[in-house]
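> fold the stuff below for me.
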Amino acid sequence: MPETQLKEICEESYKRLKKVCMELEKFLNATTLASLIQNSPDPEQYETYYRNYLSDLRHLLVNSENAYEKLGICLRRAQFNKEFAQEVLYLVYHTCVNMFFYPKGEVYEEDGRNSYTGRDAIIFHKEVTPELKSLTLGMSKVFEYLRDELQYYETDYVTMKRMSAAR
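Just a heads-up that it's a prediction; the model follows:
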C-alpha cells in the first residue's frame with residue numbers, strides 16, 4: 001500500500017476513534033449501573049446484562065484510547081514510519097473493531113443481512129435505554145467504516161510479518 005494512502009487511512013482512523021472515545025467517555029461518566037437498572041422493566045433480569053454491557057464499553061474505551069494515542073504518535077512523527085503505521089492499524093482492527101462487533105458479554109450481535117436492507121445491523125439481546133441504543137448504533141457506523149477500511153490488516157499484514165520473519 002502506498003505511503004500516502006496509508007497515512008490517509010491513519011488520519012481517518014484517528015479522527016473516527018477520537019469521536020468514539022469522546023462519546024464513550026461522556027456516556028460512561030454520566031451513566032451508572034444503578035440508573036440503567038432503574039430504567040429497566042425487570043431490574044433483576046437486567047443487572048447482569050447491563051453490568052456486562054458497561055464492562056464491554058469500558059474495555060472498548062481503553063482499547064480505543066490506546067489505539068487513538070498510537071495513531072497520534074504515528075502521525076506526529078517527523079518521518080512517517082510505514083511499518084509502525086501498519087502495526088497500529090492492525091491493532092485498531094483487532095482490539096477495537098473486533099471488540100465492538102464481538103463483545104465479550106454478548107449483549108448484542110451483528111446481523112449482516114440487516115445492513116443490506118437499510119436496517120440497523122446491531123441486534124440487542126434485551127431492550128436497552130434509548131441513550132445506550134443511540135450510542136451503540138452510532139458507534140456501529142464508525143466501526144463498520146473502520147472494518148471496511150482495515151480489513152486488509154486482518155490477513156495481509158500477518159502474512160507479511162510471517163514472511164519477513166521467515167527470511
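
> looking at the chain, which helix or strand does the model trust least?
helix 112-117 (a mean of 56; mean pLDDT, DSSP states H and E).

> any idea of the mean pLDDT in the helix or strand just after that one?
The helix or strand immediately downstream of helix 112-117 is strand 122-124, counting by DSSP states H and E. Average pLDDT, strand 122-124: 88.

> tell me the buried residues in strand 122-124?
122, 124 (16 or more other C-beta atoms under 10 Å). (Each C-beta comes from the backbone N, C-alpha and C, glycine too.)

> try stretch 54-63
54, 56-57, 60-61, 63.

> contacting residues around that stretch?
21, 24-25, 27-28, 31, 33, 36, 95-96, 99-100, 103-105, 107 (C-beta atoms under 8 Å, 6 or more residues apart in numbering).

> mind redoing it with 6 Å?
By C-beta atoms under 6 Å, 6 or more residues apart in numbering, the surrounding residues in contact with stretch 54-63 are 24, 95-96, 99, 103-105.

> how about stretch 29-37?
With C-beta under 6 Å, 6+ apart, stretch 29-37 has contacts from 43, 46-47, 50.

> make it 10 Å
Applying C-beta atoms under 10 Å, 6 or more residues apart in numbering, the external contacts of stretch 29-37 come out as 38, 43-47, 49-51, 53-55, 57, 128-129, 131-132, 135.

> whichever of the residues you listed end up buried, select them in PyMOL.
Here is the PyMOL command that selects the buried residues among those (16+ other C-beta under 10 Å):
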select buried, resi 46+49+50+53+54+57+128+132+135
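
> got the buried residues for stretch 5-19?
Applying 16+ other C-beta under 10 Å to stretch 5-19 flags 6, 9-10, 13-14, 16-17 as buried.

> tell me where this protein has helices.
3-30, 33-38, 43-76, 82-91, 98-101, 112-117, 130-150, 152-166 (DSSP state H).
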